[in-house]
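[1] I need the structure of the sequence given here:
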Amino acid sequence: MNDPFNAALSNIGNVFAGTNPPFAPQITDLIGFNVPGKPIISARDFFLSQMGSWASMIPMTTQWIVVIERFPAALQSSFIQGLERVDASRQGYDITAAVEMLKSYPYQRILGCLFVHSVQIPSEQYEVSSVTVQNNRGFLPGVVASGRVTDAPSLTMEFRETNTSFVDSVIRPWTILTSHYGLAARPGDAVKPTGTFYDLKNMKTNMMILQFSRSLQNVSMIPRKTWYFYNCAPYNIGEQALEYSEEKMQVITTRWTYSNYTIADGLYLPLGSIISSIANNGFPPITTGAGTFGPPWSPIGP
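    So this is what the prediction gives:
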């Protein structure tokens, strides 16, 4: 006697061997048996081959850098000491030397901002509400879209504390100056073309977060995704706890506002040519300036 259930069960193994089971035509659209040019395909082999390709490979989550385009020109002792109450000796908020050192090339360009410990990429959401209809009986109410976000856009970053204290020497004075000068539109906002003049009171900057992924063995990684945040300014610095217990790395949370952001993947790079060239000739010079990969503004700022 023919047993349809056992017959189907015995043919399940043939799916992975590249043979269609009797019930396959009923689910071809669900698991992809009707691949053009290959009507019979192993689901397992196809999955493994795709997971082995660069485009669908599981990415690394620890390989990323943050590039701060520029630091405000007013981030100097004279500006903040002229706005804040300081002692007569002018030692309070004497930040010029520390700022010049901490925003220098070794600390900000080789590996991005060297002091960033973590970044929380903001969520994306908008509000939805239902349309009330009297006596709608069993019908579900209609849904309409409201505002995109309920609060001001916010980017959270944690910074490692060091002897020179990037947070207290740079970001804290930056936050105080922003509270005085505000976030009004000023020359240099948004995208920076070459040679754009920045208002001395412009507290905003652009930030670039690059996420890297593997390319080939013994070959440098390449950017797989890049976030661009425009017109950023710090507005909140978390509390710091000092205690007599154990020595540990201190991490300080900061929050930044921004006007808009964009995302770019790595597919605009000639990945195949780059990887082949790397394998044969070593790593080619790829810069973060306009015209190569990166945002339409140069990450080298004052």
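[2] could you use CA atoms for every contact and neighbour count after this?
    Fine.
[3] domain assignment for the chain?
    The chain breaks down into these domains under automatic domain parsing: 4-51, 64-122+152-281.
[4] rank those by pLDDT, which is bottom?
    Note on the domains of the chain: lowest mean pLDDT is at domain 4-51, with a mean of 55.
[5] right, so of the domains of the chain, which gets closest to Ser130?
    Closest to Ser130 of those is domain 64-122+152-281 (Cα to Cα; 24.1 Å).
[6] hmm, back to that, most tightly packed of the domains of the chain?
    Compared across the domains of the chain, domain 64-122+152-281 shows the largest average neighbour count, a mean of 16 (mean count of other Cα atoms under 10 Å).
[7] and the contacts of stretch 163-174?
    By Cα atoms under 8 Å, 6 or more residues apart in numbering, the surrounding residues in contact with stretch 163-174 are 72, 75, 80, 93, 95, 98-99, 102, 115, 159, 161, 203, 233-234, 237, 252.
[8] give me that answer again for 7 Å
    For stretch 163-174, the external contacting residues (Cα atoms under 7 Å, 6 or more residues apart in numbering) are 75, 95, 98-99, 102, 159, 234.
[9] and it, end to end?
    Start and end residues of stretch 163-174 are separated by 19 Å (Cα to Cα, to the nearest Å).
[10] helix or strand: which one has Arg255?
    strand 251-257 (DSSP states H and E).
[11] need the CA coordinates for that strand. CSV is fine.
    The C-alpha coordinates for strand 251-257 follow below in CSV (Å, rounded to 0.1, in the frame of the first residue of the first chain):
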residue,chain,number,x,y,z
VAL,A,251,34.4,55.1,30.6
ILE,A,252,32.4,58.4,30.3
THR,A,253,29.2,58.6,28.3
THR,A,254,28.5,61.6,26.1
ARG,A,255,25.5,62.5,23.9
TRP,A,256,25.5,64.4,20.7
THR,A,257,22.8,66.1,18.7
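[12] ok, Asp94 - contacts?
    Applying Cα under 7 Å, 6+ apart to Asp94 gives the contacts Ser77.
[13] show me where this structure has its helices.
    Using DSSP state H, the helices of the chain run over 4-10, 13-17, 28-31, 43-51, 77-83, 96-102, 105-108, 166, 172-181, 271-281.
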